[in-house]
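Student: Fold the following for me, if possible:
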Amino acid sequence: MTSLALAAAHTAAPAFNRDFYTTAATVIPVLYIALAVQGHAGASLNNAAARFWDRKPAKLTGLTTLIKVTGTAALAFTAAAILVGGAVAEMLAIVNLYFGSQTTASGPFVLWLTILLVAAAAAGPVLDFSNAPDAEASAAEEQSAPDPEPGKTDLPA
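Tutor: Have a look, this model is predicted:
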């Protein structure tokens with residue numbers, strides 16, 4: 001094999017995987033619907049960014065300011081990446097399906113942004129579950145509550 005043929009073999013575009021792009025073009029809108037139904041993924045990120053920005057450190061130094069700006073920017077970037085990145089990944093998947101070919105970067109881009117959307121869609125229920133009241137603590141509170149007087153209930157007569 002000549003050096004020219006060897007170089008061409010190593011720089012050839014990856015084979016087009018129609019199934020991958022069909023699946024991505026189908027899954028991404030479903031993930032957007034899941035995020036819309038949950039309703040609090042973007043709002044949670046925006047609220048977290050606002051709380052992070054409004055936090056008042058005991059001593060304001062250059063490092064705390066840098067941490068404050070970096071943390072707020074990271075949260076805002078994550079919210080934007082979920083919204084904009086998912087839309088771009090969907091458009092790339094549809095365009096690649098239409099032309100029946102792909103660029104070198106479009107496959108990994110669509111893959112990683114789809115994974116980001118899956119993580120964002122899963123984060124809502126995970127946060128809800130982690131913020132749910134502890135079942136044992138609820139049972140202990142119910143047992144420690146005083147019993148109402150005999151014959152009296154909370155129901156209206």
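Student: Does Tyr32 touch Val118 like I think?
Tutor: No. When contacts are counted by C-beta atoms under 8 Å, Tyr32 is not listed as touching Val118 (11.6 Å). Just so you know, the C-beta spots here come from the backbone N, C-alpha and C atoms, and that holds for glycine as well.
Student: Compare neighbour counts for these two and give me the winner.
Tutor: Taking neighbours as other C-beta atoms under 10 Å, Tyr32 and Val118 compare with Tyr32 leading, 18 against 14.
Student: Check which helices and strands the lengthiest helix in the chain is in contact with.
Tutor: For the chain, the helix with the greatest residue count under DSSP state H is helix 106-131. Under the contact definition 3 or more C-beta pairs under 8 Å, 6 or more residues apart in numbering; DSSP states H and E, helix 106-131 sits against helix 18-38, helix 41-54, helix 86-99.
Student: By mean pLDDT, show me the worst of the ones you listed.
Tutor: Least confidently modelled of the helices and strands packed on helix 106-131 is helix 41-54, at a mean of 69 by mean pLDDT.
Student: Check which element follows it along the chain.
Tutor: Next along the chain after helix 41-54, taking DSSP states H and E as the criterion, comes helix 62-80.
Student: What residues sit buried inside that next one?
Tutor: Within helix 62-80, the residues scored as buried using 16 or more other C-beta atoms under 10 Å are 68, 72, 75-76, 78-79.
Student: Distance to Ser101 and pLDDT for the residues you listed - can I get that in a markdown table?
Tutor: Shown next, in a markdown table, are the buried residues of helix 62-80 (distance: C-beta to C-beta, whole Å; pLDDT from 0 to 100):
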| residue | distance to Ser101 | pLDDT |
| --- | --- | --- |
| Lys68 | 46 | 76 |
| Thr72 | 40 | 77 |
| Leu75 | 37 | 76 |
| Ala76 | 35 | 78 |
| Thr78 | 31 | 79 |
| Ala79 | 32 | 77 |
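Student: I appreciate the help and will end here.
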